[in-house]
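Asker: Here is a sequence with its predicted model. Questions after.
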Amino acid sequence: MKFDELDISSKLNRKILDLGFYVLTPIQDKCIPEIIKGRDIVGQSKTGSGKTFAFAIPIIDKVQNGKGIQAVILTPTRELCVQITQVFRELGSIFDLKVASVFGGVRIEPQINSLQNSEIVVGTPGRMLDHIGRNTIDFRSMRFLVIDEIDKLFEMGFIEDVEEIISYVPRDRQTLMFSATMQNDLLRIMSKHLKNPLIVSVDSYLETSKLKQLYYDIYNKKNKFSLLVHLIRKNYKGMSIVFCSTRNQVDLVARNLKNQGLRACAIHGGMTQKKRLSSLDLLQKQNTDILVATDVAARGLDIKNVTHIYNYDVPKTSQEYIHRVGRTARAGENGNAITLLTKPDHDNFRNVQSNDNLEIHRANMPNFKSLPFIIRRPYSKNKNFR
Ligand code: ADP
Ligand code: MG
């Protein structure tokens, strides 16, 4: 279906075309007409398949300027909160809709002000509850509740917070839940908050025709970083994402890549809000080529032109592997997923490979230069040493 076939205002339609979008993605195709009709939805499709527009377009079409908070979007991380806010602000600008962004790690006062005269609120559960506790958010006009990345909210232990928030919002509302995976136990928990929902599931498998998946079996653990640098240098083109399993590892790998003169930046949940946003800013301005990330921090982020995914640490499950490598080979482009294996990774890798949909081929070990991987923290400047 094309956007101009949707039953939405012509002004909104023009805006979508101006932004360069013509054809709906499958999840949008299935969800938007039903949301317009007023139906509750549970929508599942992989990362990067256009879920944000699937709920933003019908909401923007229905929300009215100056009539109080009419839509609330809950999302697991601050970064997603910022990204979704941007989408709503862009689309909502044509109707002068105001969008409040509510997340932790920053001062609460400016948020209180913007909540006074917004029609749409995008927030993380913790800060949202904070506002509820302070009585600084008024849900009386609310018609739409969106829970985005509900699988992630669940994994991060936020479901109780989400349910508490639901207990404060009007019963008479439309509820839309979106997720990259479909988990039956989660569906069971959430079904009491939904009214006769339409459950839409769009391909959870990987589009593999444009994706090349390789693994390197590294005998000596010390060579892992050297091989990574070698491959990054050889494949130098678009954006790369290097996934690590811990925050500490993310910091170390990012710092060592920088020591090699590569433009890398780190993102993980242990960083300050300011640092995380500045990493995202570098990305958006294309002032970096390599994002080193944990799964949680990278989840759901929309990063363009990713040509290579490196699994520096192997994910524990095939589901997580699919999430990671689904960041490349998007929108018909070619992509590469490269997994670096050392002995401790083999158990996890067997898990990943047990998924028959995945075809990961063994690559021949190239010749590469041996590089240092420095583990100690950099010396602080005011320390004297001889
Ligand atoms: P998801 O939430 O499913 O991970 P996003 O909503 O973040 O995906 O969208 C991923 C990317 O796809 C964004 O850059 C968005 O602008 C783009 N996109 C969304 N809808 C369309 C469409 N109909 N046609 C082309 N690109 C689209
Ligand atoms: Mg999303």
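Answerer: Looks like it came in fine. Residues are numbered from 1 along each chain as shown. Ligands and ions are numbered 1, 2, ... in the order given.
Asker: what residue ranges in the stretch 201-350 of the chain score low on pLDDT?
Answerer: Scanning the stretch 201-350 of the chain for pLDDT under 70 picks out 203-208, 299-300, 330-332.
Asker: do that again at 90, thanks
Answerer: For the stretch 201-350 of the chain, the stretches with pLDDT under 90 are 201-211, 221, 235-239, 268-288, 295-306, 316-335.
Asker: Three-state assignment for whichever residue of it sits closest to ligand 1, please.
Answerer: Nearest residue of the stretch 201-350 of the chain to ligand 1, counting by C-beta to the nearest ligand atom: residue 302, 3.8 Å away. The way it works is simple: take the backbone N, C-alpha and C, and place the C-beta from them, glycine included. Recorded secondary structure, residue 302: coil (DSSP: H, G, I helix; E, B strand; the rest coil).
Asker: That one is in contact with residue 83, isn't it?
Answerer: Yes: with contact defined as C-beta atoms under 8 Å, residue 302 reaches residue 83; the gap is 6.1 Å.
Asker: what touches both of those two?
Answerer: Counting by C-beta atoms under 8 Å, 6 or more residues apart in numbering, the contacts common to residue 302 and residue 83 are residue 52.
Asker: Compare those two (neighbour count), which wins?
Answerer: The residue with more neighbours, out of residue 302 and residue 83, is residue 83; 19 against 16, by other C-beta atoms under 10 Å.
Asker: any idea how far residue 133 lies from residue 147?
Answerer: Distance, residue 133 to residue 147, by C-beta to C-beta, to the nearest Å: 20 Å.
Asker: and the two? which has more neighbours close in?
Answerer: Neighbour count, other C-beta under 10 Å: between residue 133 and residue 147, residue 147 has more, with 26 against 9.
Asker: Hmm, residue 177 and that one touching each other?
Answerer: Yes: using C-beta under 8 Å, residue 147 is in contact with residue 177, at 4.6 Å.
Asker: Need the residues touching each of the two.
Answerer: Residues touching both residue 147 and residue 177 (C-beta under 8 Å, 6+ apart): residue 190.
Asker: Next up, the contacts around residue 13.
Answerer: 3-4, 6.
Asker: List the residues that contact residue 6.
Answerer: Residues near residue 6 by C-beta under 8 Å, 6+ apart: 13, 24, 32-33, 36, 57.
Asker: out of those residues, what pair is the most spread apart?
Answerer: Within the contacts of residue 6, two members stand farthest from each other by C-beta to C-beta: 13 and 33, at 14.2 Å.
Asker: how near is the closest residue to residue 211 other than its chain neighbours to residue 111?
Answerer: Distance criterion C-beta to C-beta, 6 or more residues apart in numbering; nearest residue to residue 211, sequence neighbours excluded, is residue 329 at 4.0 Å. The gap separating residue 329 from residue 111 is 38 Å, by C-beta to C-beta.
Asker: And residue 317, by the same measure?
Answerer: 36 Å.
Asker: which one of those two has more residues nearby?
Answerer: Taking other C-beta under 10 Å, residue 317 and residue 111 do not tie; residue 111 has more neighbours (22 against 13).
Asker: How about residue 310, nearest residue that isn't a chain neighbour?
Answerer: Per C-beta to C-beta, 6+ apart, closest to residue 310 is residue 242, 4.5 Å.
Asker: The one you found sits in which helix or strand?
Answerer: Remark: residue 242 resides in strand 239-243, with elements defined by DSSP states H and E.
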